[in-house]
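Can you look at this prediction? I've put the sequence above it.
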Amino acid sequence: MQTTETKSKVKPINCSHYINGKYVPSTNGKTFENVNPATEEVLGTVAEGGKEEVDEAVKAAKKALKGEWANMPVRKRSAILRKIGDLILERQDELAALETLDTGKPLWLSTSVDTDRAAYNFHFFADYMTTVGNESYQQDDIAIHYAVRRPTGVVGLINPWNLPLLLMTWKLAPALAAGNTVVMKPSEVTPMTATILAEICTEAGVPDGVVNMVHGFGETGAAITSHEDVDAVAFTGETITGSAIMKSAAPTLKKLSFELGGKNPNVIFADANLDDTIATTLKSSFINQGEVCLCGSRIYVERSIYDEFLDKFVAKTKELKVGDPFNEDTNVGALVSEEHYNKVLSYLDIAKEEGGTFLTGGKTADNMDKGFYVEPTIITGLGKDSRCVREEIFGPVVTVIPFDTEEEVMEQVNDTHYGLSASVWSSDIKRATRVASQIEAGMVWINTWFLRDLRTPFGGMKHSGIGREGGAHSFDFYSELTNITVKL
Ligand code: NAD
Ligand code: 6OD
C-alpha cells in the first residue's frame with residue numbers, strides 16, 4: 001500500500017466571487033471547503049454566494065452592456081480575446097496544476113487537453129468573430145432585406161466539474177466575442193481555474209462588469225437562472241439539472257442552450273482495424289477517469305471478433321496505471337469527489353446484482369490509501385435492460401455487448417433517451433456512413449473519437465441537449481438578429 005502524496009508545486013487558492021472587476025467575499029462571509037479528491041485534503045475555501053451576490057453580479061453585467069464594451073470596435077474586442085488566450089498559455093503550468101488538484105485528473109491531461117483547449121477556445125473565437133457577416137436578400141426590385149446582430153445581453157454560464165476550464169472558456173469566449181456580458185458559475189467541486197480566469201480577463205483588457213463570477217451550489221445557479229435581468233443561460237451538466245433550469249427559467253422566458261448527459265455507443269464491426277479501434281476505445285472508455293460526456297460507455301462488438309476484441313482490450317486495460325495524478329506515468333487519476341465516487345461504486349454493485357461479469361476492475365484501486373480511485377472496469381454479460389447499460393455512470397466503467405447484424409445493433413444503439421455522441425468502427429465506409437446517419441446523436445465519429453474542429457456543431461439531441469455550440473452555432477446563441485427591410 002502506498003499513500004498518495006500529490007506533488008504539486010503550485011499552491012491551491014481560496015476562491016472569492018468576482019464582481020465588477022474585483023474579488024469579493026460573500027456579504028455574510030459564508031464559505032465552504034474545497035477538497036482534493038486525490039488526497040482527501042482540504043485545498044482551501046470557496047465563497048458561497050446566494051441571491052444577494054447574484055443580484056450584484058447581474059447588476060454589474062447589465063450596466064456593462066452599455067458604454068465601453070458595447071462601443072468597442074470588433075478589431076479591439078478580438079485583440080482582447082486573443083490576449084486572454086495568450087495569458088492562459090503564459091499561466092498554463094499553474095492553471096493545469098490547479099485543475100489537477102481540483103479534479104484528480106492526471107496533470108499531463110490538464111496540460112495537453114484542458115488548458116491547451118481553453119487557450120485555443122479564445123484564439124479560435126478571436127479569429128472567428130472578425131469573419132462574421134449577416135444575411136441579406138434582394139427581393140426583385142421591391143426591397144432589400146438585411147439582418148443586423150446585437151448581443152443577447154446578460155448571459156448566465158453554468159458549468160460542471162469534469163472539464164472545468166475547457167468548458168467555461170468554450171462558453172465565455174463566444175459570449176464575449178458577440179459582445180455579451182456574463183455571470184459565470186463554475187461547479188462547486190472545481191472552482192479554482194475559473195477564479196483565475198476572471199482575473200485574466202481583466203488583465204487582458206475586458207472592462208469591469210463584463211465578466212462576473214459567483215461561486216456556490218445549485219441554489220446559486222438557480223438564482224441566476226430565475227433572475228429577471230439574465231437574458232440567456234448556457235448550461236452544461238446533468239440532464240435532470242437541465243430540466244430544473246428549464247422550469248426556473250420559464251417565467252422569464254430565457255434563451256437556453258443545454259449540453260447534457262450521454263450514454264454513448266461505440267459500434268465495432270468485424271472489418272474494423274482492430275489495433276486502431278482498441279487504442280482509441282481505451283481512450284473513449286477511460287480517459288479523464290471516464291468523466292467525459294462523450295465517453296463511449298456502451299461498446300457493441302460484432303460477434304465474429306468479440307473474443308479477440310475482448311482479449312486485446314482487457315490486456316491493454318490491465319496495463320493502465322491508476323495513481324497520483326501528478327505522476328507522469330499515471331493514466332487514470334482520482335474521481336472528482338467522494339459523492340461521485342460513491343455513485344460510481346453503487347453502479348458496480350448494481351452490475352453484480354444484475355449478473356454482470358467483471359473482466360477488469362470492479363473495485364476501488366487498492367494501491368491507493370487515500371483518495372477516490374476506481375479501477376478501469378470492463379463488464380460483460382449485461383442485457384439491454386440493465387441499469388448499467390441504460391444509465392449514465394460517468395466513471396471508468398464500460399459494458400461490452402456482442403451483436404450479429406447491423407439491424408440488431410442499430411436498434412440497441414438508439415434504444416436510449418440520450419443522444420449525445422457515438423463512434424462507428426469499420427473499413428467499409430459505405431456501411432459506416434449509413435450507420436452514422438441513422439444514429440440518433442448530435443455527433444458521430446467514424447474510425448476516431450473526440451476529434452474536434454471548433455467550427456462544427458457540437459451538442460446532443462433527445463435528453464442530451466438543446467441547441468448546438470461551435471462557430472456560427474455559438475454566435476447565433478449569443479446574438480439576437482433584427483431583420484431590416486428597405487422598400488425600394
Ligand atoms: P450538475 O448538473 O450536477 O451540475 C452542473 C452545474 O449546475 C454546477 O455548477 C451546479 O452547481 C449547477 N446546478 C446544480 N443544480 C442547479 C440548479 N437547480 N439550477 C442551476 N444550476 C444548478 O452536473 P455535474 O455533476 O457537475 O456534471 C456531470 C454531468 O455533466 C454529466 O451528466 C455529464 O454528461 C454532463 N456533461 C455534459 C457535457 C456536454 O457537452 N453534453 C459536457 C460535460 C458534462
Ligand atoms: O470539445 C468541446 O468543445 C466540448 N464541449 C467537450 C465536452 C466534453 C464533455 O465532457
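Perfect, thanks for sending it. Ligands and ions are numbered 1, 2, ... in the order given.

Mind listing residues that contact the helix or strand harbouring Tyr341?
Tyr341 belongs to helix 338-353 when assigned by DSSP states H and E. Helix 338-353 is contacted by residues 35, 37, 40, 291, 334-335, 358, 362-364, 372, 374, 377, 379, 382, 386-388, 391, 393-397, 399 when judged by Cβ atoms under 8 Å, 6 or more residues apart in numbering. To be clear about C-beta, it is placed using only N, CA and C from the backbone, and glycine gets the same treatment.

Give the buried subset of those as a ChimeraX selection command.
The buried residues among those can be selected in ChimeraX (16 or more other Cβ atoms under 10 Å) with this line:
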select :35,37,291,334,335,358,362,364,372,374,377,379,382,386,388,391,393,394,395,396,397,399
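
In strands only, show me the contacts of helix 338-353.
If you go by DSSP state E, these have Val35, Phe358, Thr377, Ile379, Val397, Thr399 in strands.

Can you tell me, leaving aside adjacent residues, what's nearest to the first one?
This means Val35. Val42 (5.9 Å; Cβ to Cβ, 6 or more residues apart in numbering).

do you know how far that neighbour is from Met213?
Here Val42 is placed at a distance of 21 Å from Met213 (Cβ to Cβ, to the nearest Å).

Thr130 too?
Separation of Thr130 from Met213 (Cβ to Cβ) stands at 27 Å.

which one of those two has more residues nearby?
The residue with more neighbours, out of Thr130 and Met213, is Met213; 29 against 12, by other Cβ atoms under 10 Å.

contacting residues around that one?
His17, Tyr18, Ile19, Ala57, Val183, Met184, Lys185, Pro186, Ala194, Thr195, Ala198.

I figured the fifth one hits Leu157, correct?
It refers to Val183. Yes - contact criterion Cβ atoms under 8 Å: Val183 and Leu157 qualify, at 7.3 Å.

between those two, who's got more neighbours?
For Val183 versus Leu157, neighbours defined as other Cβ under 10 Å are more numerous around Val183 (31 against 27).

how close does the more buried one sit to ligand 2?
20 Å (Cβ to the nearest ligand atom, to the nearest Å).

next one: the helix or strand hosting that residue to chain centre, how far?
Using DSSP H and E, Val183 maps to strand 181-185. A distance of 17 Å separates the centroid of the chain from that of strand 181-185, by Cα atoms, centre = their mean, to the nearest Å.

for stretch 142-152, same thing?
Computed by Cα atoms, centre = their mean, the chain-centroid distance of stretch 142-152 equals 33 Å.

tell me which residues in that stretch are buried?
Arg149, Pro151, Thr152.

Could you do stretch 195-214 as well?
For stretch 195-214, burial by neighbour count (16+ other Cβ under 10 Å) applies to 195-202, 204, 206-214.

Next: stretch 293-306.
For stretch 293-306, by 16+ other Cβ under 10 Å, it's Cys293, Leu294, Cys295, Gly296, Ser297, Arg298, Ile299, Tyr300, Val301, Glu302, Ile305, Tyr306.

what about it, near ligand 1?
Yes - against ligand 1, stretch 293-306 shows contacts by Cβ under 6 Å from any ligand atom at Cys293.

For stretch 439-456, measure first residue to last.
18 Å (Cα to Cα, to the nearest Å).

Tabulate the contacts of Met213 (JSON lines), appending pLDDT.
Putting the contacts of Met213 into JSON lines (pLDDT from 0 to 100) gives the following:
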{"residue": "His17", "pLDDT": "98"}
{"residue": "Tyr18", "pLDDT": "98"}
{"residue": "Ile19", "pLDDT": "98"}
{"residue": "Ala57", "pLDDT": "98"}
{"residue": "Val183", "pLDDT": "99"}
{"residue": "Met184", "pLDDT": "98"}
{"residue": "Lys185", "pLDDT": "98"}
{"residue": "Pro186", "pLDDT": "98"}
{"residue": "Ala194", "pLDDT": "98"}
{"residue": "Thr195", "pLDDT": "98"}
{"residue": "Ala198", "pLDDT": "98"}
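
Keep the residues you listed, but drop any that are not near ligand 1.
Among those, ligand 1 is touched by Lys185 when using Cβ under 6 Å from any ligand atom.

is it possible to export the contacts of Met213 to CSV including distance to Gln138?
Compiled in CSV, the contacts of Met213 are given as follows (distance: Cβ to Cβ, whole Å):
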residue, distance to Gln138
His17, 50
Tyr18, 47
Ile19, 47
Ala57, 44
Val183, 41
Met184, 42
Lys185, 45
Pro186, 47
Ala194, 46
Thr195, 50
Ala198, 45
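
any idea how far the residue in the stretch 201-350 of the chain positioned nearest to ligand 2 lies from Arg91?
Residue nearest to ligand 2 within the stretch 201-350 of the chain: Cys293 (3.5 Å; Cβ to the nearest ligand atom). Cys293 sits at a distance of 26 Å from Arg91 (criterion: Cβ to Cβ).

Val42 now?
Look at Val42 and Arg91: by Cβ to Cβ, they are 24 Å apart.

Same check on Ala97?
Distance, Ala97 to Arg91, using Cβ to Cβ: 10 Å.

what does the stretch 201-350 of the chain put close to ligand 1?
Residues of the stretch 201-350 of the chain lying near ligand 1 (Cβ under 6 Å from any ligand atom): 217-218, 221-222, 225, 236-238, 241, 244-245, 259-262, 293.

let's go with 5 Å and repeat that
Gly218, Gly221, Ala222, Thr236, Gly237, Glu238, Thr241, Ala244, Glu259, Gly261, Cys293 (Cβ under 5 Å from any ligand atom).

ok, the third one touching Ser248?
Yes - under the criterion of Cβ under 8 Å, Ala222 is in contact with Ser248, at a separation of 5.4 Å.

Looking at the two now, which is surrounded by more residues?
Just comparing Ala222 and Ser248: by other Cβ under 10 Å the higher neighbour count belongs to Ala222, 21 against 18.

Would you map the strands across the stretch 101-250 of the chain?
For the stretch 101-250 of the chain, the strands defined by DSSP state E, counting those that start in this stretch cover 136-139, 143-151, 154-158, 181-185, 211-213, 232-236.

which stretch among these comes nearest Ala270?
Nearest to Ala270 among these is strand 232-236; the distance by Cβ to Cβ comes to 36.2 Å.

Tell me the spacing between the residue in the stretch 151-300 of the chain that ligand 1 sits nearest to and Gly50.
Proximity of the stretch 151-300 of the chain to ligand 1 (Cβ to the nearest ligand atom) peaks at Gly221, 2.1 Å away. Per Cβ to Cβ, Gly221 is found 11 Å from Gly50.

neighbour count winner among the two?
A side-by-side neighbour count of Gly221 and Gly50, using other Cβ under 10 Å, places Gly221 first with 26 against 17.

List the residues that contact the more buried one.
Contacts of Gly221 by Cβ under 8 Å, 6+ apart are Gly156, Ile158, Lys185, Thr241, Ile245.

What is the burial count for the fourth one?
Read that as Thr241. Neighbours of Thr241 (other Cβ under 10 Å): 20.

shouldn't it be in contact with Gly218?
Yes - between Thr241 and Gly218 there is a contact at 7.3 Å, judged by Cβ under 8 Å.

For the buried residues of stretch 293-306, work out which two are farthest apart.
Pairwise over the buried residues of stretch 293-306, using Cβ to Cβ, the maximum falls at Cys293 and Ile305, 27.8 Å.

Noted, bye for now.
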